Every structure is written in C-alpha cells, then in structure tokens.
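1. no FASTA, just this:
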C-alpha cells in the first residue's frame with residue numbers, strides 16, 4: 001500500500017537475492033526495518049500475527065518475538081511507528097519471552113476469557129445468525145432444513161456453549177455446514193449433545209470446551225461417521 005516501502009523493498013531484494021535464507025534478525029532488518037525507514041514515519045502501520053502458538057519450531061518463534069519486541073527503534077530511526085497485534089494460546093515458550101525483564105513495558109496483554117461477557121456474546125451471536133441464514137438460504141450445498149431451524153432453544157444453547165470463544169462458533173459452523181456429511185440438523189444436534197454430556201472443568205482450563213469440540217471433530221473425521 002506504500003509506494004516508497006515497495007520501492008525500498010524491491011531494492012533490497014535486488015541487491016541481496018539470498019536474504020530469504022539469512023538469519024531471522026537479518027531478514028527483519030533488510031525486509032522490514034530498512035524499507036520502513038523509507039516511509040518517513042508518516043503513519044502507524046499495523047502488523048497482525050494470528051495463532052502464533054501454531055508456528056514451529058519453538059526456538060524460531062521465540063527468536064521472532066524477541067526481534068518484534070525490539071522494533072520500536074524503527075520509529076526512532078525515522079521510520080513509521082509499528083503496532084504488532086499477536087494472537088496466541090499462552091504456551092510456555094511464548095509466555096517465557098513476554099516475561100523477560102527487558103520487554104515488560106513493550107507490550108499490553110489482553111486475555112480472551114477476561115473480556116466482558118456481553119461484548120463477546122454479541123459478536124458471536126451476530127456471526128451465528130449470519131451463518132445460519134446462509135445455511136438455510138441455500139448458500140451451501142446442503143439439503144433443505146425445517147423452516148423453524150434452528151429452534152430458538154438450540155440457537156441459545158449453542159450461543160451459550162461458545163462462551164467467549166469465536167473459534168468455538170466458527171468451528172461449530174464448519175462442522176454443521178459440512179458439505180460432505182450434508183446433515184446440518186444432525187450435526188447441530190451432535191454438537192449440543194456433546195456439550196450436554198460433558199463434565200466441564202472450565203474453571204481449571206478455560207479452553208476445555210474448545211478442546212472437546214476439536215476432539216469431537218477429529219473423532220468424526222477419523223471414524224467416517
């Protein structure tokens with residue numbers, strides 16, 4: 001989106017065709033720091049890294065975080081201010097980096113299950129309404145559903161089961177609207193029954209419901225049922 005950054009990046013790639021195999025810190029300096037300095041700090045730039053816990057190996061993740069946590073110097077060198085938004089489960093190797101004494105004041109932490117219930121619930125409700133409308137309107141290759149589906153109590157139960165986790169809602173919809181199984185009514189019943197029969201320990205592990213949903217999806221996929 002920034003012509004000066006684009007041109008500066010092109011110059012770097014033209015001058016060093018092996019930069020992609022360089023050390024991580026060298027890549028950051030040449031592909032991000034140097035080109036961004038050409039932007040003259042006119043606007044803040046947002047970088048988003050989603051699901052950092054799914055990246056590997058762990059040593060590289062730690063190294064990348066260490067580099068990103070030091071990127072304030074870009075603004076000090078005349079480049080733009082960078083805002084880096086990272087989403088991740090609180091895995092040990094990631095928490096280790098953020099607990100380091102040298103980076104304590106360089107970031108703010110937001111814990112998903114500590115967000116106000118109403119904010120999360122309203123967002124998830126909007127998403128579910130929209131997705132169920134797609135299912136019932138024929139946007140998916142699925143058989144017709146009853147005119148009153150999902151029933152209000154089913155919808156409210158699923159909404160409650162999602163808690164504050166959008167990932168639960170998104171995974172549930174993909175499960176319900178699976179075009180290979182083609183049984184949205186039965187899939188919804190399966191999810192609701194799974195949660196009903198589950199002994200919750202969310203107070204110990206806030207991700208237990210989400211983990212159980214993932215497990216159920218995997219079991220269904222491997223069993224062929």
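-> Here it is on my side, so go on. Quick caveat, the model's predicted, so the values are computed rather than measured.
2. only C-alpha atoms for contact and neighbour calcs from this point on.
-> OK.
3. so which elements touch the longest helix anywhere in the chain?
-> Identified as the longest helix of the chain according to DSSP state H is helix 117-137. Packing partners of helix 117-137 (3 or more C-alpha pairs under 8 Å, 6 or more residues apart in numbering; DSSP states H and E): helix 152-162, helix 166-176.
4. any idea of the mean pLDDT for the first one?
-> When you say that, I think you mean helix 152-162. Mean per-residue pLDDT for helix 152-162: 94.
5. and that helix, what does it pack against?
-> helix 117-137, helix 166-176, helix 184-196.
6. columns mean neighbour count, distance to residue 85 and mean pLDDT on top of those, output as TSV?
-> As requested, the helices and strands packed on helix 152-162 are exported to TSV (neighbours: other C-alpha atoms under 10 Å; distance: least, C-alpha to C-alpha, whole Å; pLDDT from 0 to 100):
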stretch	mean neighbour count	distance to residue 85	mean pLDDT
helix 117-137	15	18	94
helix 166-176	19	17	93
helix 184-196	16	32	90
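7. can you tell which of the ones you listed is closest to residue 70?
-> Residue 70 sits nearest to helix 166-176 of all the helices and strands packed on helix 152-162, at 30.3 Å, using C-alpha to C-alpha.
8. tell me how far the closest one lies from the chain's centre.
-> 13 Å (C-alpha atoms, centre = their mean, to the nearest Å).
9. quick check: angle from that helix to helix 184-196?
-> Following axes from the mean of the first three to the mean of the last three C-alpha atoms, to 10 degrees, one obtains 140 degrees for the angle between helix 166-176 and helix 184-196.
10. and the contacts of helix 166-176?
-> 120, 124, 128, 131, 159, 162, 183-188, 191, 210, 213-214, 217 (C-alpha atoms under 8 Å, 6 or more residues apart in numbering).
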